[in-house]
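# Coordinates for the following, if possible.
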Amino acid sequence: MTNAQMSARVGLFFLLGVALIWVTFEALSRGSITREKGYTLVARFPNLKELKAGDDVRMAGVRIGTVSGTRLAGREAEAVLLIGKEFVVSKDARATIAMAGLLGGNYVTIEMGDDNSGTLADGNQIPTANTPDLNSMVAQIGDIGKKIDQALGQFSGAMEGGSGGGLMAKLDRLVDDNQGRIGEITTDLRDITNKLNQGEGSLGRLINDPEGYDRLLAAVEEFRGASAEAKLFVSNAQGIIDQVKSGEGPLGALIYDEEAGQSIKIAAKNLREISDKLNNGSGTLGKLINDDTLIEEAQSTLRKVDRAVDGLADQGPITAVGTAASALF
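Down below sits the predicted model:
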């Protein structure tokens, strides 16, 4: 092999090595060197969740850029997103960190948003939303498992019990102590069911007698009718009350009409004055009620009339008239 052939082979291997290194670097950098530069957006998260430079930025599952870098911003972390210049991100779009799979890496996913809200420019901050990662979900599942274990332990302890026995032991003792009573209750229930099947008693007749069932339905219908009449009565009473409250009708006018009330007061006052006069003996009727002299005179006059009538039995009309006149005067 000549020196020229050796040099050619070394040069060929060198070119192959450079090409292999270039392909490997392109694969690892995901084409960030050959791709044209776009514009950057800043996404701030409480935790980047193992997000690193070179991870994808996707919208609706389509890769639109990469994470160019990460940095701390006070108590939070920021991811600088390098978006291709041919892609547009709306101002109301939100960025979240998603998992590519259980064994895959994380990536940033961006919602579509509304086109009418405008677009984000280079260096703007995109709104973000925090989502639970695999580690937090595994921790929560572990906490739930611990709580389930504790609950099962408590339940098992309650069932097994301590020195006094658990729930099952107490139930066994309760059944053993009351076995006779349980048998009596079972026998009574069997007798009751037999009576019901044979149509004995009120309930048995109601179950087995169609006429009794029909009478019960009739009674229920009558009760419904009575309840409807009661509702109608209550409605009418409410209407009367409403009329009285509104001052309609004689009773409403009597209660709410001031003139009628004043007239009643005057009439009651007049009646009280008349009763007072009668009690005091004023007037003819008062004297007649309270003066015994008038009663005695009237009785004396009636006795004279009786004697005059007795004396007229055998006398003529003229004599009778004269006798009556002399008796009276």
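# Count the neighbours of residue 9 for me.
11 (other Cβ atoms under 10 Å). Where you see a C-beta, it was placed from the backbone N, CA and C, and this is true even at glycine.
# How about residue 45?
The burial count for residue 45: 21, using other Cβ under 10 Å.
# Equivalent analysis for residue 186, please.
10.
# That one is in what secondary structure piece?
Per DSSP states H and E: residue 186 is located in helix 179-198.
# Which other helices and strands does that helix contact?
helix 201-208 (3 or more Cβ pairs under 8 Å, 6 or more residues apart in numbering; DSSP states H and E).
# Just the buried residues of the helix it packs on, please?
For helix 201-208, the neighbour count (16 or more other Cβ atoms under 10 Å) marks residue 204 as buried.
# which element follows that helix toward the C-terminus?
From helix 201-208, the next helix or strand downstream (DSSP H and E) is helix 210-246.
# so what secondary structure elements neighbour that following helix?
Short answer (3+ Cβ pairs under 8 Å, 6+ apart): helix 210-246 packs on helix 201-208, helix 249-256.
# how about a cut-off of 6 Å?
With contacts defined as 3 or more Cβ pairs under 6 Å, 6 or more residues apart in numbering; DSSP states H and E, helix 210-246 has these neighbours: helix 249-256.
# helix or strand right after the helix it packs on?
Helix 249-256 is succeeded, C-terminally, by helix 258-280 (DSSP H and E).
# then that next one to CSV, C-alphas only?
C-alpha atoms of helix 258-280 as CSV (Å, rounded to 0.1, in the frame of the first residue of the first chain):
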residue,chain,number,x,y,z
GLU,A,258,-114.9,54.9,60.8
GLU,A,259,-118.4,56.4,60.3
ALA,A,260,-120.0,53.1,61.1
GLY,A,261,-117.9,52.7,64.1
GLN,A,262,-118.8,56.2,65.3
SER,A,263,-122.5,55.5,64.7
ILE,A,264,-122.2,52.3,66.8
LYS,A,265,-120.5,54.3,69.6
ILE,A,266,-123.3,56.9,69.5
ALA,A,267,-126.0,54.2,69.6
ALA,A,268,-124.3,52.5,72.5
LYS,A,269,-124.1,55.8,74.3
ASN,A,270,-127.8,56.5,73.8
LEU,A,271,-128.7,53.0,75.0
ARG,A,272,-126.6,53.6,78.1
GLU,A,273,-128.4,56.9,78.8
ILE,A,274,-131.8,55.4,78.3
SER,A,275,-130.9,52.5,80.7
ASP,A,276,-129.7,55.0,83.2
LYS,A,277,-132.9,57.0,83.0
LEU,A,278,-135.0,53.8,83.4
ASN,A,279,-132.9,52.9,86.5
ASN,A,280,-133.3,56.4,87.9
